[in-house]
Each structure stands twice: as structure tokens, then as C-alpha cells.
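> my questions are about this predicted structure, shown below with the sequence.
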Amino acid sequence: EQAIRLLATVAPTEVLAMATVAEILETVEHTPGCVGLLPVEDSFEGEHTSVLDHMIFQTANVFICEEVVVSETLDAFRLAGDGGEGLRTAVSHPKALEHCQRFIRENGLATRFVGSTAEAGQLVAESGDPTRVASAPENAAEAVGLTRVVGSVDDVPDARTRFFVVGRGVGVRTGRDKTTLVLT
């Protein structure tokens with residue numbers, strides 16, 4: 001969601017979540033006027049070569065239009081006013097929980113996977129369970145009224161994820177352009 005807000009060349013009128021890179025690329029390739037947002041590199045795993053492989057070998061008319069870099073910190077949030085009970089379960093997207101392993105281990109937490117950090121905040125807010133904590137960025141948790149318990153619970157502070165916006169045409173020249181070469 002943060003990457004979508006940072007887009008400079010596209011103003012989305014509708015945002016659709018898709019489960020796989022292949023689904024995103026197929027939709028972009030066969031839907032005029034559609035663009036996709038693909039994570040291509042992050043501070044934990046480096047370059048996502050499988051995403052680039054899909055783009056190179058599975059499509060004929062999909063091109064990089066823009067690059068967006070998101071810097072995000074994950075905090076731990078719980079229900080407002082529930083400070084007395086111990087925490088038992090960390091809830092978030094699998095990648096987010098993977099990035100918070102130190103916090104999870106140090107607090108002896110079980111984990112529960114959901115589809116996004118926003119969904120984690122929503123689940124904790126609606127659960128009524130003071131022992132659940134959402135691992136999420138500030139905007140996702142505050143949108144549903146959660147309170148920060150611990151700041152910066154991620155193992156790598158100031159982690160970044162680089163996304164490519166892909167579409168059926170090459171992006172307009174901006175003067176800050178980059179060239180990406182892929183050799184096979």
C-alpha cells in the first residue's frame with residue numbers, strides 16, 4: 001500500500017490484490033491500461049530473481065515503467081488500553097513475521113499468518129484478545145485504533161523494498177531514468 005502511494009507515473013483508479021507474480025504479469029500483458037507492482041529486491045533476501053525471470057521469460061509485452069523504493073519499519077501493536085496482559089501471539093504477513101524473528105523469540109510468541117500487515121491490524125483490533133500483537137507499519141495499525149507496544153521490532157532497521165511498476169509500454173523519459181540489462 002505504501003508503494004502505491006509513492007507512484008509518480010500512475011494514478012490508480014482501482015487497486016486489485018493478486019496472489020502471484022504470474023497472475024500480475026498475465027493481467028498486465030492482456031489488459032490495456034493496466035499496470036502491476038512487483039517486488040524485485042529487499043533488504044533481507046536481496047534480488048528476487050524469480051520475479052525477474054517471470055517477467056523476462058513469461059511475457060512478451062511487459063516493460064518496466066517506474067521504480068519505487070519503500071522504506072518501512074515494523075512496530076508491535078495491540079488493543080488500546082490492554083497493557084497488563086502478556087503477549088502470546090504475533091499476527092502478520094509471513095514476510096513481516098520473518099523479519100521480526102528476534103522480537104518473536106525474545107517474547108516467546110506463537111505466530112499467525114494473514115494476507116497483509118493491514119489485515120493483521122484489523123484482525124487484532126476485531127479479536128478482542130489482549131494477548132495478540134500485530135507486527136505492522138504505523139499507518140496500518142493506527143487506521144484500526146491499535147496502540148504501539150514496542151517500536152522497531154524488525155531485525156533489520158530501516159529495511160527497504162524495491163518495486164517495479166510494469167506495464168505494456170516503456171515509461172516516459174524523466175531525466176532520472178535508469179537502464180536495466182538482463183543477460184541470460
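That came in fine, so what should we check first? Residues are numbered from 1 along each chain as shown.

> let me see the mean pLDDT of stretch 168-175.
Averaged over stretch 168-175, pLDDT sits at 82.

> how long is that stretch end to end?
Terminal residues of stretch 168-175 lie 21 Å apart, using Cα to Cα, to the nearest Å.

> residues in contact with it?
Applying Cβ atoms under 8 Å, 6 or more residues apart in numbering, the contact partners of stretch 168-175 are 9, 28-29, 32, 34, 61-66, 165, 177. The C-beta positions use only the backbone N, C-alpha and C, and glycine is treated the same way.

> highest neighbour count among the residues you listed?
The residue in these with the most neighbours, by other Cβ atoms under 10 Å, is Val28 (25 neighbours).

> from the contacts of stretch 168-175, which land in helices?
Mapping the contacts of stretch 168-175 onto helices (DSSP state H) picks out 28-29.

> farthest pair within the contacts of stretch 168-175?
Pro32 and Asp177 (24.0 Å; Cβ to Cβ).

> on contacts alone, who are the packing partners of the helix or strand containing Leu52?
Using DSSP states H and E, Leu52 maps to helix 49-58. Helix 49-58 sits against helix 21-30, strand 36-42, with contacts defined as 3 or more Cβ pairs under 8 Å, 6 or more residues apart in numbering; DSSP states H and E.

> any regions of this structure where pLDDT drops low?
For the chain, the stretches flagged by pLDDT under 70 are 82-84.

> switch to 80 and redo it
Filtered on pLDDT under 80, the chain yields the residue ranges 1, 44, 81-85, 157-158, 170-172, 180-184.

> can you show me the helices along it?
Going by DSSP H, the chain shows helices at 2-5, 21-30, 49-58, 94-98, 101-106, 117-127, 138-142.

> for the fifth one, which residues meet the burial criterion?
Pointing back at helix 101-106 there. 103-104 (16 or more other Cβ atoms under 10 Å).

> ok, back up a step: a markdown table for the contacts of stretch 168-175, including distance to Glu1?
Shown next, in a markdown table, are the contacts of stretch 168-175 (distance: Cβ to Cβ, whole Å):
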| residue | distance to Glu1 |
| --- | --- |
| Thr9 | 18 |
| Val28 | 19 |
| Glu29 | 24 |
| Pro32 | 25 |
| Cys34 | 18 |
| Asn61 | 27 |
| Val62 | 22 |
| Phe63 | 24 |
| Ile64 | 21 |
| Cys65 | 19 |
| Glu66 | 16 |
| Val165 | 14 |
| Asp177 | 26 |
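
> and the contacts of stretch 168-175, which is closest to Val40?
Distances from Val40 to these, taken by Cβ to Cβ, are shortest for Ile64, at 9.1 Å.

> what's across from the closest one in the sheet?
Val166 (DSSP bridges).
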